[in-house]
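1. Here is my input; please provide its structure:
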Amino acid sequence: MLLKKGIEVEQFIGQKDGQVLPLSALICQNLPGFTVEPDQRNVEYITSPTESYDDLLKYLVESRMRLREFLSDQDPNWTIVPGSALSLPFDKGFIFSKPEEPYHQHIYESHGVNVITTSLHFNIGLDDPEEIIRLVNLLRMEAPLILALSASSPFYDGKITGNQSHRWSIFPKVPEHIPFFKDHQDYCEWLNLSVQQGKLFNIRHFWGAVRPNGPNRPSEINRIELRIADLCTKWDLTLALMAWIELRVQHFLSNPELKVPPEDYSLIHLSDENESLAATSGLSAHFSDWVLERETTVYEAIELRLEEDRDLAESLGISKYLKPIERVLLEGNEATHKIDKYEQGFSISQIMEDWVEESAEEDASLYVDSLKRTA
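-> Down below sits the predicted model:
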C-alpha cells in the first residue's frame with residue numbers, strides 16, 4: 001500500500017535573464033497557497049497530501065503554472081528562476097519578508113544570506129512515531145544520494161563554485177551537532193533541551209538533512225521530512241525522487257531489524273562527510289555505505305539500491321516513476337549539465353537565461369501531461 005506524501009517547493013522569482021527579485025510579499029498577498037521565506041527573493045508552496053503520484057505531479061505543476069500566470073500578469077518579464085543558489089551577482093543585504101518577526105531577525109543575524117536558497121522538502125506520512133524516528137535515522141544515512149541526484153546549484157554570485165550543490169555547501173546545519181535518536185522520547189528531550197539552551201531559536205530551527213515533522217512537534221509527529229534536495233527543473237525527476245524515498249521507506253519498514261546505533265558517534269561524522277562529498281562531487285562522490293557495509297561511490301550506491309528494490313517497486317506499482325533516476329545516472333544531474341555548458345564557453349548569464357526558458361517550457365509540457373494523466 002502506498003503512503004501519503006507531499007512536497008514543499010521553494011523557488012526563486014525574478015526576470016527572464018535570471019536575475020532574482022524580492023517579490024514574495026507581493027505574491028503571497030495576492031496568490032492563495034503561497035508563503036514567504038525570511039528573505040523576499042524566494043517563495044514556497046506545499047502540495048496536498050496524496051497517495052497518488054499522478055495527483056502529486058498535478059499539484060506540483062498546477063501551483064507553478066498559477067504562479068507563472070500571476071507573475072506574467074504583473075510584468076511580462078517576471079518569471080520563475082531555476083537553480084538552488086543565487087547564481088548571478090546579488091544584493092548582499094537581507095530583504096525581509098516579515099521584518100517584525102523575531103525568528104526571521106534571528107535567522108539573518110545568525111546565518112546571513114546563506115539561507116537564501118531554494119530546495120525541495122519531501123514529506124512522507126507514517127502513524128507510528130517510533131518508526132518515524134527509526135526511519136529518520138536510516139534516511140539520514142542515505143540522504144546524500146538524493147542530494148547528488150537533485151544537485152542544481154553549481155553557480156553562486158556570478159561565479160562557478162566547484163560544488164554541484166553549492167546550496168548545501170553553504171546552508172547552515174542547525175544545530176551543528178545532530179545526534180541519531182534512540183526513540184521518540186529521546187528526540188523530544190533533545191529538541192526541547194536544544195531550544196532551552198539556545199542552540200535552536202525554536203523547534204522550527206532544527207535544520208538537518210532529515211527530520212521528524214508533524215502538527216505539534218516534537219510530541220505529535222506524523223511524517224518524515226527529507227530536506228536535503230536541491231530544486232529540480234525536471235518535474236518527472238522530482239516525482240522520481242519522491243518514489244525513491246517511498247521505496248526506501250517501504251524497504252526499511254519491511255526490515256525492522258535495520259537500525260542506526262545511536263551510541264555510535266562515528267556515524268554522525270560519516271553521514272556529515274557523505275553529505276559534504278555529495279554536495280561537491282555529486283554522483284561521482286565517494287560514499288561510505290553503512291547499510292550495505294562497503295566503500296563505494298554515490299552512483300554505485302544508487303544503482304545497487306535500484307537493483308535491490310526492483311521487485312518491491314514492481315509490487316508497489318511505482319517502477320515507472322523511477323525511470324528519470326536512470327536518466328540522471330546515464331546523463332548526469334542538472335548541475336553537471338550547467339557546468340558542461342560553462343566549460344564549453346557559455347557565460348553564467350547566458351546559461352541562466354537559457355535555463356529560465358527551459359524551465360518554463362518544462363512546466364508547460366508537464367502541465368499538459370499531468371492533465372492527461374488525471375483526466
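2. what about the spatially closest residue to Arg310 that is not a sequence neighbour, neighbour count?
-> In space, and not counting its chain neighbours, Arg310 is closest to Ser319: 7.5 Å by C-beta to C-beta, 6 or more residues apart in numbering. No exception for glycine: its C-beta is placed from N, CA and C like everyone else's. Applying other C-beta atoms under 10 Å, we find 17 other residues in the vicinity of Ser319.
3. how close does Ser319 get to Pro129?
-> Ser319 sits 30 Å away from Pro129 when distances are taken as C-beta to C-beta, to the nearest Å.
4. ok, Glu8 - how many residues close by?
-> 17.
5. where does it fall, phi/psi-wise?
-> With angles defined as degrees, to the nearest 10, Glu8 sits at phi -90, psi 130.
6. and it, what does it touch?
-> The contact partners of Glu8, by C-beta atoms under 8 Å, 6 or more residues apart in numbering, come to 44-47, 120-121, 123, 225.
7. Which members of these are the farthest-apart pair?
-> Tyr45 and Glu225 (15.5 Å; C-beta to C-beta).
8. can you pull out the strands in this structure?
-> Ranges of strands in the chain, per DSSP state E, are 5-15, 34-36, 42-46, 78-81, 120-125, 155-156, 159-160, 210-213, 223-229, 286-289, 294-297.
9. Tabulate those strands (a markdown table), appending mean pLDDT and distance to Phe252.
-> As requested, the strands of the chain are exported to a markdown table (pLDDT from 0 to 100; distance: least, C-beta to C-beta, whole Å):
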| stretch | mean pLDDT | distance to Phe252 |
| --- | --- | --- |
| strand 5-15 | 98 | 15 |
| strand 34-36 | 97 | 31 |
| strand 42-46 | 97 | 25 |
| strand 78-81 | 98 | 35 |
| strand 120-125 | 98 | 11 |
| strand 155-156 | 98 | 35 |
| strand 159-160 | 98 | 37 |
| strand 210-213 | 98 | 12 |
| strand 223-229 | 98 | 10 |
| strand 286-289 | 97 | 15 |
| strand 294-297 | 96 | 18 |
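10. Can you lay out these as CSV showing distance to Pro144?
-> CSV is the format used below for those (distance: least, C-beta to C-beta, whole Å):
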stretch, distance to Pro144
strand 5-15, 19
strand 34-36, 28
strand 42-46, 23
strand 78-81, 26
strand 120-125, 14
strand 155-156, 20
strand 159-160, 22
strand 210-213, 11
strand 223-229, 7
strand 286-289, 7
strand 294-297, 11
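11. closest to Ala143 out of those?
-> With C-beta to C-beta as the criterion, Ala143 lies closest to strand 223-229 of the strands of the chain, at 4.6 Å.
12. Show the contacting residues for Ile170.
-> Going by C-beta under 8 Å, 6+ apart, Ile170 touches 85, 114, 117, 156.
13. Report the separation between it and Thr280.
-> Ile170 is 12 Å from Thr280, where distance means C-beta to C-beta.
14. which strand residues sit across from the nearest residue to Arg68 once chain neighbours are set aside in the sheet?
-> Among residues not flanking Arg68 along the chain, Ile80 sits closest, at 6.2 Å (C-beta to C-beta, 6+ apart). Counting by DSSP bridges, Ile80 is bridged to Ile13.
15. Now do Asp363, the pLDDT please.
-> What the model reports as pLDDT for Asp363 is 91.
16. typed the wrong thing, it's Val291
-> The confidence metric pLDDT takes the value 87 at Val291.
17. cool, and the one 10 residues further on?
-> pLDDT, Ala301: 98.
18. can you pull the contacts of it?
-> Taking C-beta under 8 Å, 6+ apart as the contact definition, Ala301 lies against 145, 287, 289, 292.
19. returning to what we had before: just to check, the residue nearest to Arg68 is in contact with Phe70?
-> No. Counting by C-beta atoms under 8 Å, Ile80 does not reach Phe70; the two are 10.6 Å apart.
20. I'd like the distance between His104 and Phe96.
-> For His104 relative to Phe96 (C-beta to C-beta), the value is 6 Å.
21. now do Asn213
-> Distance from Asn213 to Phe96, counting by C-beta to C-beta: 25 Å.
22. more neighbours, these two?
-> Comparing Asn213 with Phe96 by neighbour count (other C-beta under 10 Å), the higher total belongs to Asn213, at 22 against 18.
23. list the residues that contact both of His104 and Phe96?
-> Counting by C-beta under 8 Å, 6+ apart, the residues touching both His104 and Phe96 are Pro38.
24. Flag the shaky bits of the stretch 1-150 of the chain, pLDDT-wise.
-> For the stretch 1-150 of the chain, no stretch has pLDDT under 70.
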